[in-house]
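K.L.:
What follows is a protein structure lacking sequence information:
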């Protein structure tokens with residue numbers, strides 16, 4: 001059974017790595033590259049902070065745009081590396097959390113989290129495959145995992161650490177906090193709440209707060225730099241957003257409830273797989289964490305609500321898939337900590353000796369159903385791969401770009417995309433926009449404006465694609 005879970009995760013990862021080979025620049029990738037080339041690195045950085053966004057680290061990471069370096073083939077390499085680093089950060093986090101467990105337990109827990117994330121992630125494209133999104137959201141999520149893992153290890157070993165070790169922890173943790181805060185508002189809220197919550201727990205348990213005050217000072221200072229950016233408010237003026245506090249509170253509450261109800265079944269399945277297959281491999285917990293599962297659950301709910309509040313305050317829009325990704329990742333990792341705290345040591349020995357084979361089989365069937373259900377992100381990815389949409393999309397994108405590069409006229413009529421794989425494209429919210437226009441640059445980048453006689457292509461539901469795959473297979477068999 002455990003081998004099956006590992007195999008599913010392996011297939012998931014291979015599917016993502018395969019799709020990463022067909023990544024192209026999209027939308028803002030072109031716009032940011034053009035602006036930096038036009039204005040220069042320093043001037044464009046300052047201009048972004050003053051007129052558009054306070055995300056000082058995301059703006060810095062944007063200078064690694066392969067278009068700026070004239071190596072567009074690096075987009076797939078970036079995505080492959082990002083997937084690998086994200087998986088490694090998951091293992092690092094669980095290695096620190098389950099430090100007294102067996103190596104098999106840590107690996108299986110990592111596999112379980114990978115499967116859960118792959119099944120419930122709102123958008124792979126905006127988490128792994130779109131440069132302008134993952135420099136803001138994915139990198140900060142990785143930094144949070146590294147920070148929490150480091151902090152768990154420090155709390156456990158601080159009594160025996162040398163001065164050099166302690167200073168190294170404080171320095172690296174501070175750098176991670178600066179990255180986390182400077183990438184986006186959601187992870188800023190997460191790290192600020194984690195540190196404030198840690199101060200409260202230590203104060204309640206009469207433990208030494210010490211170094212946490214220093215880390216909280218770094219987080220607060222970074223948050224001030226982020227929030228005080230004139231660009232944040234200039235962007236709201238440009239969008240003519242109306243901020244109504246009562247409206248924001250109600251919407252944030254509604255979306256918070258929606259997030260929990262939407263993901264509750266998947267988290268329940270994750271808990272069952274953890275109890276039946278990971279717990280028997282987990283050793284007896286030697287370190288008792290100073291927070292109760294109930295308090296942590298309330299903390300998670302409050303943080304998710306605050307994330308939505310700041311989302312509405314900062315961009316004045318409903319949650320997009322890239323922001324939903326961050327909320328979902330936070331929810332899954334918080335749930336993993338809660339599960340670790342909830343399961344008592346007595347259950348470890350019980351699950352080792354009295355586990356029912358029939359119940360285990362039922363849990364595996366349930367697990368597979370939720371992993372491959374029709375609306376899961378990984379289901380859409382397999383549909384995109386098996387239908388040939390991924391390779392067809394890559395050929396059409398490459399053709400469009402080559403035509404724009406060769407064009408000598410102010411406008412170039414391009415053929416519209418015929419497929420739009422969910423794994424590699426946006427899900428459009430504005431029906432007035434066409435996908436072709438959104439993903440390709442304006443005339444400023446290639447010197448010719450892309451014109452489409454027909455631009456009605458949209459991301460198709462995975463059920464439609466699976467129906468097409470079945471039809472194609474039947475035709476081949478009948479031949």
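P.N.:
That came through, no problem. None of the values given here were measured: they were computed from a predicted structure.
K.L.:
Just the buried positions in stretch 215-235, please.
P.N.:
215-216, 218-219, 222-223, 226-227, 229, 231-232, 235 (16 or more other Cβ atoms under 10 Å). Every C-beta, even on glycine, is put in place using the N, C-alpha and C of the backbone.
K.L.:
Inside helices: which ones of the residues you listed?
P.N.:
Among the buried residues of stretch 215-235, DSSP state H puts 215-216, 218-219, 222-223, 226-227, 231-232, 235 in helices.
K.L.:
So residue 454 belongs to a strand, correct?
P.N.:
No: applying DSSP: H, G, I helix; E, B strand; the rest coil, one finds residue 454 to be coil, outside a strand.
K.L.:
Distance-wise, check it relative to residue 413.
P.N.:
11 Å (Cβ to Cβ, to the nearest Å).
K.L.:
Can you give the distance from stretch 33-44 to the centre of its chain?
P.N.:
Its chain's C-alpha centre and that of stretch 33-44 lie 27 Å apart, by Cα atoms, centre = their mean, to the nearest Å.
K.L.:
which residues are contacting it?
P.N.:
The contact list for stretch 33-44 (Cβ atoms under 8 Å, 6 or more residues apart in numbering) reads 25, 47, 62-63, 65, 67-68, 441, 444-445.
K.L.:
let's see it at 7 Å
P.N.:
47, 63, 65, 67-68, 444-445 (Cβ atoms under 7 Å, 6 or more residues apart in numbering).
K.L.:
what about the stretch 201-350 of the chain, any weak spots by pLDDT?
P.N.:
Counting by pLDDT under 70, the stretch 201-350 of the chain contains low-confidence residues at 237-243, 283-290, 315-317, 344-350.
K.L.:
again, only using 90
P.N.:
Applying pLDDT under 90 to the stretch 201-350 of the chain flags the ranges 201-211, 231-249, 251, 274-295, 310-321, 339-350.
K.L.:
Let me see the domain layout of this structure.
P.N.:
Following automatic domain parsing, one finds the domains of the chain at 2-368, 384-478.
K.L.:
Compute the first-to-last residue distance for the first one.
P.N.:
Right, domain 2-368. 12 Å (Cα to Cα, to the nearest Å).
K.L.:
what's the offset of it from the middle of its chain?
P.N.:
Distance, centroid of domain 2-368 to centroid of chain: 7 Å (Cα atoms, centre = their mean).
K.L.:
repeat for the shortest one
P.N.:
Between the mean C-alpha point of domain 384-478 and the mean C-alpha point of its chain there is a distance of 24 Å (Cα atoms, centre = their mean).
K.L.:
any idea of the mean pLDDT in that domain?
P.N.:
The average pLDDT within domain 384-478 is 79.
K.L.:
same deal with stretch 29-41?
P.N.:
Here the average pLDDT along stretch 29-41 is 88.
K.L.:
List the contacts of the one helix or strand residue 181 maps to.
P.N.:
For residue 181, the element it lies in under DSSP states H and E is helix 163-183. The contact list for helix 163-183 (Cβ under 7 Å, 6+ apart) reads 55-58, 136-137, 139-140, 143-144, 146-147, 150-151, 154, 158, 187-188, 191, 211, 214-215, 218-219, 222-223, 226.
K.L.:
For the next helix or strand after it, name the packing helices and strands.
P.N.:
Remark: after helix 163-183, the chain's next helix or strand is helix 185-204, criterion DSSP H and E. Secondary-structure packing of helix 185-204 (3 or more Cβ pairs under 7 Å, 6 or more residues apart in numbering; DSSP states H and E): helix 138-157, helix 163-183, helix 211-227, helix 293-315, helix 321-342.
K.L.:
Adding distance to residue 7, write the ones you listed out as JSON lines.
P.N.:
As requested, these are exported to JSON lines (distance: least, Cβ to Cβ, whole Å):
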{"stretch": "helix 138-157", "distance to residue 7": "24"}
{"stretch": "helix 163-183", "distance to residue 7": "33"}
{"stretch": "helix 211-227", "distance to residue 7": "40"}
{"stretch": "helix 293-315", "distance to residue 7": "31"}
{"stretch": "helix 321-342", "distance to residue 7": "21"}
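K.L.:
closest to residue 123 out of those helices?
P.N.:
Set against residue 123 and scored by Cβ to Cβ, the helices and strands packed on helix 185-204 come closest in helix 321-342, at 3.6 Å.
K.L.:
how about the helices of the stretch 1-150 of the chain, start to end?
P.N.:
Counting by DSSP state H, counting those that start in this stretch, one finds helices in the stretch 1-150 of the chain at the ranges 2-20, 28-39, 41-51, 56-61, 74-97, 103-120, 131-134, 138-157.
K.L.:
Which among the ones you listed is found nearest to residue 388?
P.N.:
Across the helices of the stretch 1-150 of the chain, residue 388 has its closest neighbour in helix 2-20 (12.5 Å, Cβ to Cβ).
K.L.:
where are the low-confidence patches of the stretch 51-200 of the chain?
P.N.:
By pLDDT under 90, the weakly predicted segments of the stretch 51-200 of the chain are 51-53, 68-73, 97-105, 155-162, 165-166, 200.
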